[in-house]
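> Mind looking at a prediction? Sequence and model below.
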Amino acid sequence: LAKTTQPISMDSYEGQEVNITCSHNNIATNDYITWYQQFPSQGPRFIIQGYKTKVTNEVASLFIPADRKSSTLSLPRVSLSDTAVYYCLVGDKEEYGNKLVFGAGTILRVKS
Amino acid sequence: ETGVTQTPRHLVMGMTNKKSLKCEQHLGHNAMYWYKQSAKKPLELMFVYSLEERVENNSVPSRFSPECPNSSHLFLHLHTLQPEDSALYLCASSQDPGAREQYFGPGTRLTVT
């Protein structure tokens, strides 16, 4: 499984766009990039996943450059309720008994 | 709203006690998982079940014993735990064991005294 590197923490203010970048230099050809969000004392929640270029849903956008060695989760106009830990995971969709390997994640603090 | 429920939400037990954690998913998924999240540590996968068959056991001590009687229910039986086993235990499910989109329950906060 590809190792990922994310900033330990980020601070932002309400209404700003937040971009969290994840490095995964040894990503394999079949690997997908998946992001999860976790609030304190709750289970993680799936946000978005992608393979290349750009993916957008009602919550976030995911930008993946052509070399796929990094990805950026973009949260538009954050609010206080977006304060959480954000995890970047990289892995192969076809792997049986798929293991989601969570790293330390990025602690996002949104201030008023 | 997640479709995955866990009971109890909080549990305090002594090292000689025997208790069980319960997880139920209402999503019609075929795979279920147990994770452990200790303070200031990443989530650790403990067990994976696919259609009630265990397909993954990540070198978990035998004092943790999983049980999956059907595709909707998953248990984690606990006995003779240690204080370092205190953690948030999370259950998750997915459509199949290869899916990266997993749905997590709220967790059981376990304290071993």
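On my side now, so go ahead.
> Where does the prediction get shaky in the chain?
No chain in the question, so chain A it is. Within chain A, the set of residues satisfying pLDDT under 70 comprises A:1-2, A:93-99.
> Can you look at chain B instead?
Residues of chain B that meet the cut-off, pLDDT under 70, sit at B:1-2.
> Now do the contacts for the nearest residue to B:Leu76 once chain neighbours are set aside.
Leaving aside its sequence neighbours, B:Leu76 sits nearest to B:Leu21 (C-beta to C-beta, 6 or more residues apart in numbering or on different chains; 4.3 Å). In this view, the C-beta of every residue, glycine as well, is placed from N, C-alpha and C. By C-beta atoms under 8 Å, 6 or more residues apart in numbering or on different chains, B:Leu21 lies in contact with B:Gln6, B:Thr7, B:Pro8, B:Leu11, B:Phe75, B:Leu76, B:Leu78, B:Tyr89, B:Cys91, B:Thr108, B:Leu110.
> ok, what's across the strand from the fourth one?
Right, the one you point to is B:Leu11. B:Leu110 (DSSP bridges).
> try the fifth one
In this structure, B:Phe75 has beta-bridge partners B:Lys22, B:Glu67, where bridges are defined by DSSP bridges.
> That one contacts B:Phe64, doesn't it?
No: using C-beta atoms under 8 Å, B:Phe75 makes no contact with B:Phe64, being 10.8 Å away.
> Roughly how far does the residue of chain A found nearest chain B sit from A:Thr72?
Chain B sits closest to A:Gly43 of chain A, with a gap of 2.7 Å, by C-beta to the nearest C-beta. Using C-beta to C-beta, to the nearest Å, we find A:Gly43 at a distance of 24 Å from A:Thr72.
> if you count what's nearby, which of those two comes out ahead?
In this view A:Gly43 and A:Thr72 are compared by other C-beta atoms under 10 Å in any protein chain shown, and A:Gly43 has more residues nearby, 23 against 15.
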